[in-house]
Each structure stands twice: as C-alpha cells, then as structure tokens.
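J.: sequence and predicted structure are below.
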Amino acid sequence: MTLDATLKSAGAARGKSPAPVAALAVALIATATLAGAWFFQLVLDIVPCPLCLEQRYAYYLAVPLGLLVALAAAKRAPRGVVLAGLALLVLAALANAGLGAYHSGVEWKFWQGPTDCTGPMLDLSKGGLLANLDKVKVVRCDEVQWRFLGLSLAGYNVLISLLMAAVAAWGIAGLRRQA
C-alpha cells in the first residue's frame, strides 16, 4: 500500500475516528522536528550536546511508530492495537517533554545536569600529551547555543513534545468515543 492510499484511507475514516489522522500527524511533526534539528546541526553548525541528542530518541521512535499506527488504523486493525500504539506515542512524547524540561532547567541553572556535560571543564590544553584536544569542540548541556523568543531548543522540544502527546491523545479519545 502506498502512502497516498494510506492518506486516502485515513481521510475516509476521518468521520469515524481521528486515530489514523492523529498518528500520521505525530509522524509528520516528528519528521519536521528532526529535519529542523539536523538543519541546526549541519547547516547552522549548532552542535548538539548529549542531552540534545537524547531528546531526539523520542522523535526517532515517533516517525516509524506513527506511520505504522496510521496504517494499522486505516486498515481497521484491532482497536486495542491502535490504542496501544497511540498510547505509546503519548508516553514517549510526555517522557521527552520531561527530558526537555529537565534540560531547560539545566540551561537556566535551576539544577545541575549530568556531570559529563555540565559544570566546570578542565583545562586540558596545557601539556603536549593532550595538545590535540584543543581541536575538539566540547558542547556543554548547561550553555544555550541558540534562543528565540526566550526559549532554547530544549524549550521548544518541550512544546513540540506536548503537542505530539496532545495529538496522539486526541486519537485515543476518538477511538474511545467509537466504543
């Protein structure tokens, strides 16, 4: 089945349940977010810190899972399977929002972050043994590299993740109304 046929099936089922549309929307939001993250990294040279990279995991899960759930819902898979897929999308998005909020707190110095990417860095440039480390760009989790309207990328991750969770929850609510 092609993506076009899946979209048509999802559109036909729209009157009955928003589940296929919700799952497809989550996949598309996750895809756009990952594209934006890679744009910031590869084009704008904003290197992600370890916490930034961890926040991408939920999006890497949401793209294929959202497409799979949309296809399953469009093909009228058992209701429990679609509910489980949407619930997993909600949980992954909410966990990612929590991780983003934690990272934002680290950036605002509300609390200390992981020791491998926050706190004082040792000056390893002294001495011949570690001379090559001068060329390595160390990205700290507690320093914001980019802000827009007062929010860092971690802050926008929170908002996007909450949006994905709300869209997936809307799909669940639509399935429950069918029962």
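T.: All right, it came through fine. Numbers count the residues shown, from 1 in each chain.
J.: and the pLDDT at the residue nearest the centre of the chain?
T.: Per Cα atoms, centre = their mean, the C-alpha nearest to the average position across the chain is that of Y59, at 3.7 Å. In this model, Y59 is scored at 96, pLDDT.
J.: got it, and T115?
T.: 70.
J.: SS state for it?
T.: coil (DSSP: H, G, I helix; E, B strand; the rest coil).
J.: how many residues are close by it?
T.: T115 has 7 neighbours, counted by other Cβ atoms under 10 Å. C-beta here means a position set from N, CA and C on the backbone, and glycine is covered the same way.
J.: surely A22 is in a helix?
T.: Yes. Assigned with three-state DSSP, A22 falls within a helix.
J.: for A35, which residues are in contact?
T.: By Cβ atoms under 8 Å, 6 or more residues apart in numbering, the contact list for A35 is empty.
J.: give me the element it is part of.
T.: Element membership for A35 (DSSP states H and E) is helix 19-42.
J.: now do that helix: distance to the chain's middle.
T.: Offset of helix 19-42 from its chain centre (Cα atoms, centre = their mean, to the nearest Å): 8 Å.
J.: continuing past it, what's the next helix or strand?
T.: helix 50-55.
J.: which helices and strands sit right next to that following helix?
T.: Judged by 3 or more Cβ pairs under 8 Å, 6 or more residues apart in numbering; DSSP states H and E, helix 50-55 is in contact with helix 79-107, helix 153-178.
J.: make a markdown table from those and add mean neighbour count, mean pLDDT and distance to D45 to it.
T.: A markdown table is the format used below for the helices and strands packed on helix 50-55 (neighbours: other Cβ atoms under 10 Å; pLDDT from 0 to 100; distance: least, Cβ to Cβ, whole Å):
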| stretch | mean neighbour count | mean pLDDT | distance to D45 |
| --- | --- | --- | --- |
| helix 79-107 | 20 | 93 | 19 |
| helix 153-178 | 20 | 92 | 14 |
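J.: one step back: could you give the angle of the helix holding A35 to helix 153-178?
T.: When axes from the mean of the first three to the mean of the last three Cα atoms, to 10 degrees is applied, the directions of helix 19-42 and helix 153-178 differ by 170 degrees.
J.: pretty sure K16 is in a strand, no?
T.: No. K16: not assigned to a strand; according to three-state DSSP it is coil.
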